[in-house]
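# Provided below are the primary sequence and the corresponding predicted coordinates.
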Amino acid sequence: MQESILVVIRHGETEWNIQGRWQGHNDSPLTSNGIDQARAVAKALKSFKTSVLYSSDLGRTMQTAEYIVAETGHDIMVDDRLRERHLGIFQGLTIRQMSESHPLVYERFKSGDVDYKIPEGESIRQRFTRSVECLNEIASNHEGETIIVVTHGGVVDGYFRYVTGLDLSATRHHKIWNCGINIFAKDSNGWTLQSFGDVSHLRTLQTLDDE
């Protein structure tokens, strides 16, 4: 089996990131800093020998992907399974707004229960299952190739846990930076984590956000 490599990128910083609003399947545009991040990661990825680019269909990932393909020359292959977790009634709200408007639901949301489904939304495990299935399928369809995937923080976190064997309910101690580069490789022995959270290409920018 030839080695397949997934170069997984979280989208650039958005307006709602800096406002502390949880986005889910809702959207807000990249900030000027987020655009700079997207341009910087695009230039870094230009040196990779990649064959294809996949993206979530949400606006913040598509906007980031457009800056990348301007450098790499790829078309954007869209897959909605790469979306962030659907946050249901919490989409677009800050933590304070969540706790004040739906205190009981908020307590369940913050409990760490990976199977808790937010009203009108989905659970952590549901996001994990669909996104891991998608990423594994992409790797299988492009055996021996290096693939760029533009997605969301929760998806990056889930795949990190899948590849490293970290339990889905374990506390996260790894940062997931906007436009950080995360590399996963698969060969006949299975998946390995090659690098995670590389932001060296962003070192001249002012802000990084991992939420």
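Received the coordinates, thanks.
# can I take it that Asn26 is in a strand?
No - counting by DSSP: H, G, I helix; E, B strand; the rest coil, Asn26 is not part of a strand but coil.
# which residues does it contact?
16, 87, 91-92 (CB atoms under 8 Å, 6 or more residues apart in numbering). Heads up, the C-betas are built off the backbone N, CA and C, glycines and all.
# helix/strand/coil for Phe196?
strand.
# surely it meets His174?
Yes - using CB atoms under 8 Å, Phe196 is in contact with His174, at 6.7 Å.
# now do the residue positioned nearest the centre of the chain, the pLDDT please.
Residue closest to the mean C-alpha point of the chain, counted by CA atoms, centre = their mean, is His152 at 2.2 Å. The model reports His152 with a pLDDT of 98.
# related to what we said a few turns ago, what do Phe196 and His174 both touch?
Counting by CB under 8 Å, 6+ apart, the common neighbours of Phe196 and His174 are Phe160.
# more neighbours: the two, which one.
Phe196 (19 against 14; other CB atoms under 10 Å).
# that one: what's its closest spatial neighbour, skipping adjacent residues?
Asn182 (5.1 Å; CB to CB, 6 or more residues apart in numbering).
# redo the contacts of Asn26 as JSON lines? Include neighbour count.
Below are the contacts of Asn26 laid out as JSON lines (neighbours: other CB atoms under 10 Å):
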{"residue": "Trp16", "neighbour count": "21"}
{"residue": "Leu87", "neighbour count": "22"}
{"residue": "Gln91", "neighbour count": "20"}
{"residue": "Gly92", "neighbour count": "16"}
